[in-house]
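# here is a sequence with its predicted model. Questions after.
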Amino acid sequence: MERPTAADQLQKIKTYEKGYVAMLLLRTGMELGLFAAINAHGNGVSVPELAEELGLHEPYLYVWCTTAYHYELLDCAPGDRFILQAGLEEVLVQRDSPRNYEGNIKLTMDCMSGDMAAFAGYMRSGEAFTYQERDASFSEAVAESTRNLYAAFKNVIVPRVEGMQEDMERGAEFLEMGCGNGTLMIRLAELYPRCSFRGVDVDRFGIERARRAIGEKELEGRVRVEFLGGEEFPHESLFDYVIMVVVLHEVRPEAREQLAANSYRALKKGGRLVNVDFPYPAAISEFRQIDFERGIFDQYREMIMGHHLQTRPEQEALITGAGFGDLKRFSVGKGMFDVLVAVKGGA
Ligand SMILES: C[S@@+](CC[C@H](N)C(=O)[O-])C[C@H]1O[C@@H](n2cnc3c(N)ncnc32)[C@H](O)[C@@H]1O
């Protein structure tokens, strides 16, 4: 790599500054419902019309819209009518799109940015502020950020795990370690009516919301949840699959071995563990590789929560240490998740 100049470095820092302002602008736009409102006007909307419609201060709205135009979030049709740039409807408006990113923006901006702004103090004291010490709004924000992951399961993970599609159609028993508010199990239960699900989590707010949602959808016969750590799960040989979705890195390191052992014990012979998580670099040379981008982001953002992301070799050692074999790994989304599949009683 060529030696960067001071001018290059200044440019780089300004890019980060611009990204920071863009995130704040996005958050404001979401809070005011601007993206949805602009999107609803197929031929674009002028600032005076939009100000009138949403009851906003027109001069400020003008600055917001033109800045969003500068950031290439909005385009402008003749007559200074603003429209959402192509592709952004899915990302910022359509709540059910797998690409909807509003939950992630909210989590970063509303919850994690406050933490990160206070990192200097935490880095001096070494104190932690864990998931379990936070209030219901945090648990809800996390669930919002993962609410569409079922689509990745249905469209990418299930088809790529050999035989899983058939198992799900025929009917399979699932245990989800760290089910949060149960969205994944509920969505999968709706998609695959022959499957049943049992979820455990230590997030009492998540479990309460899961119970309510299961009741509302009348899925009590097929989806059950329990306020319990995976390391305490006592049952044996009941399940075809144990799934974990962005959970293992949040489990206390001292509880991980027991949780992995309980996952093994809970499976029937030949049953499979499907672990979805962000991999963390194992060496400094990996810290600039795309594969680890989300893991690095997540570990930084969550470091004061007592979360320790695992490297690929660490994940594998934990899983084989519990008795699993026949490990297979694939990535989902560039720089996002790794899916690690392991078999009870595998070779
Ligand atoms: C990022 S959240 C993901 C939740 C859910 N899988 C989803 O995709 O929305 C991680 C979850 O792991 C749970 N968790 C952490 N330690 C756990 C443990 N020992 N046993 C079960 N769940 C645990 C947390 O409470 C939290 O709900």
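It's in. Residues are numbered from 1 along each chain as shown.
# switch to C-alpha atoms for all contacts and neighbour counts from now on
Fine.
# this structure against the ligand: which residues are in contact?
Within the chain, the positions near the ligand by Cα under 6 Å from any ligand atom are 143, 146, 177-180, 200-203, 229-231, 245-247, 250-251.
# keep only those of these that are in strands.
Counted as lying in strands by DSSP state E, out of the residues of the chain next to the ligand, are 177, 200-201, 245.
# which among those count as buried?
177, 200-201, 245 (16 or more other Cα atoms under 10 Å).
# longest strand in the chain, please.
strand 267-277.
# and Ile284, backbone torsions?
Main-chain torsions, Ile284, degrees, to the nearest 10: phi -60, psi -30.
# ok, it - contacts?
The contact partners of Ile284, by Cα atoms under 8 Å, 6 or more residues apart in numbering, come to none.
# which pLDDT does the model give it?
With respect to pLDDT, Ile284 has a value of 98.
# distance of it from Glu162?
With distances taken as Cα to Cα, to the nearest Å, Ile284 is found 34 Å from Glu162.
# just Arg99 next, same as before
For Arg99 relative to Glu162 (Cα to Cα), the value is 25 Å.
# what about those two, which has more around it?
Per other Cα atoms under 10 Å, whichever of Arg99 and Glu162 has more neighbours is Arg99, with 18 against 11.
# pLDDT wise, what is the more buried one at?
pLDDT, Arg99: 93.
# mind checking the SS state of it?
coil (DSSP: H, G, I helix; E, B strand; the rest coil).
# so, low pLDDT: which residues of this structure?
Residue ranges of the chain with pLDDT under 70: 346-347.
# spatially central, which residue of it would that be?
Thr146 (4.0 Å; Cα atoms, centre = their mean).
# contacts only, for that one.
Thr146 neighbours (Cα under 8 Å, 6+ apart): Gly103.
# and the strands in the chain?
Here the chain has its strands, by DSSP E, at 74-77, 81-84, 173-177, 196-201, 223-227, 239-245, 267-277, 325-332, 337-343.
# in a markdown table: those strands, plus distance to Tyr150.
Listed next are the strands of the chain as a markdown table, based on distance: least, Cα to Cα, whole Å:
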| stretch | distance to Tyr150 |
| --- | --- |
| strand 74-77 | 29 |
| strand 81-84 | 27 |
| strand 173-177 | 13 |
| strand 196-201 | 14 |
| strand 223-227 | 15 |
| strand 239-245 | 10 |
| strand 267-277 | 12 |
| strand 325-332 | 13 |
| strand 337-343 | 14 |
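# and the residue nearest to the centre of the chain, how far is that from Arg252?
21 Å.
# how many neighbours does Val91 have?
By other Cα under 10 Å, the residues close to Val91 number 15.
# swap in the one 3 residues further on?
Other residues lying near Gln94 total 15 when counted by other Cα under 10 Å.
# so who does it touch?
Asn100.
# and the gap between it and Thr108?
Counting by Cα to Cα, the gap from Gln94 to Thr108 is 19 Å.
# then Leu92?
15 Å.
# go on, Ala143?
13 Å.
# tally up the residues packed near Glu232, please.
Neighbours of Glu232 (other Cα under 10 Å): 12.
# start at 78, not 1
Renumbered: residue one is now 78, and that last one reads Glu309.
# look up how far Lys95 lies from it.
46 Å.
# thought Ile284 was touching Gly257, still the case?
Yes - counting by Cα atoms under 8 Å, Gly257 touches Ile284, with 6.4 Å between them.
# hey, what's in contact with both of these two?
277-278.
# who has more neighbours out of these two?
Gly257 (30 against 24).
# quick check: closest non-adjacent residue to the more buried one.
Gly283 (4.9 Å; Cα to Cα, 6 or more residues apart in numbering).
# OK, contacts around that neighbour?
By Cα under 8 Å, 6+ apart, Gly283 lies in contact with 216-217, 220, 257-259.
# turn the residues you listed into TSV, including distance to Gly156.
Converted to TSV, the contacts of Gly283 look like this (distance: Cα to Cα, whole Å):
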residue	distance to Gly156
Ser216	44
Glu217	41
Ala220	41
Gly257	48
Asn258	46
Gly259	47
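# contact partners for the residue located most distally from the centre of the chain?
Distance to the chain centre peaks in the chain at Gly156, reaching 39.8 Å (criterion: Cα atoms, centre = their mean). Gly156 sits next to Ser123 when contact means Cα under 8 Å, 6+ apart.
# no further questions, thank you.
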